[in-house]
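Visitor: Quick one: sequence and predicted model below, then my questions.
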Amino acid sequence: MRRILKLVASFAALMFLVIQFWRPDRTNPPVIQSHRLEAQMSVPQNVDAVFSRACADCHSNETHWPWYTNVSPISWFIADHVRIGRNRMNFSDWDGVKAQPDWVKERLQGICKEIQSGGMPLSSYRLIHWKAKLSSGEIRVVCKWTELQRQQMQTVSDSTGGTLPK
């Protein structure tokens, strides 16, 4: 029985070493300052602080890649979350959606909905990043900001006949 356990442990260690050769892409695309959320909308400092602390690693091109993101299979899991997060909403690439007010309104509403429900930040992210946990006050501040932005967009849209000025 011991021999089998040693064989299994040796095989597992070998497989762990082998999978280290398959590395996911862990790069940060360039950040164009004029395309950032903050360049497109008025973001108060307290809201920006929440986004930077709890959202930016997955929802921006400014991801911090800690040492453990070099270890497979953890690296695969994290890189996939970042890829998905950036695809769904990227605070570093807000300019491309400026002409699509419905998308922006939907994302603003989604921000509030996700943080109120506890869906964001992901629980797996909060396990390691304790500072990403949002207080009820922070959630209220962010939701109030998203609602204000949506109302302002609606006012601008109504006054321009349904299109936002560029």
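Guide: Received, thanks. Since the model is a prediction, treat every value here as computed from it, not as a measurement.
Visitor: Against Leu148, how distant is Gln116?
Guide: Using C-beta to C-beta, to the nearest Å, we find Gln116 at a distance of 16 Å from Leu148. (Glycine included, C-beta is placed from N, CA and C.)
Visitor: Over to Gln154?
Guide: Counting by C-beta to C-beta, the separation of Gln154 from Leu148 is 11 Å.
Visitor: same check, this time on Ile74
Guide: 39 Å.
Visitor: ok, now Leu108?
Guide: According to C-beta to C-beta, Leu108 stands 9 Å off from Leu148.
Visitor: What of Asp57?
Guide: Going from Asp57 to Leu148 by C-beta to C-beta gives 25 Å.
Visitor: Same check on Phe21?
Guide: 49 Å.
Visitor: Have a look at those two and say which one is more surrounded.
Guide: Leu148 (13 against 7; other C-beta atoms under 10 Å).
Visitor: Quick check: buried residues in the helix or strand encompassing that one?
Guide: Assigned by DSSP states H and E, Leu148 falls within helix 136-159. Residues 138, 141-143, 145-146, 149-150, 153, 157 are the ones in helix 136-159 that count as buried (16 or more other C-beta atoms under 10 Å).
Visitor: closest to Phe16 among those residues?
Guide: Glu138 (38.8 Å; C-beta to C-beta).
Visitor: shouldn't that closest one be in contact with Val50?
Guide: Yes: using C-beta atoms under 8 Å, Glu138 is in contact with Val50, at 5.2 Å.
Visitor: Overlap of the contact sets of those two?
Guide: Taking C-beta atoms under 8 Å, 6 or more residues apart in numbering as the criterion, Glu138 and Val50 do not both touch any residue.
Visitor: Name the residues of stretch 35-50 that are buried.
Guide: Of the residues in stretch 35-50, 35-37, 41, 43, 47, 50 count as buried by neighbour count, 16+ other C-beta under 10 Å.
Visitor: Which of these fall within helices?
Guide: Residues from these lying in helices, with DSSP state H as the criterion: 37, 47, 50.
Visitor: so can I have CSV of these showing distance to Phe16?
Guide: Shown next, in CSV, are these (distance: C-beta to C-beta, whole Å):
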residue, distance to Phe16
Leu37, 39
Val47, 42
Val50, 37
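Visitor: Now pLDDT and distance to Arg26 too, for those residues, in a markdown table please.
Guide: Below are these laid out as a markdown table (pLDDT from 0 to 100; distance: C-beta to C-beta, whole Å):
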| residue | pLDDT | distance to Arg26 |
| --- | --- | --- |
| Leu37 | 89 | 23 |
| Val47 | 95 | 27 |
| Val50 | 95 | 24 |
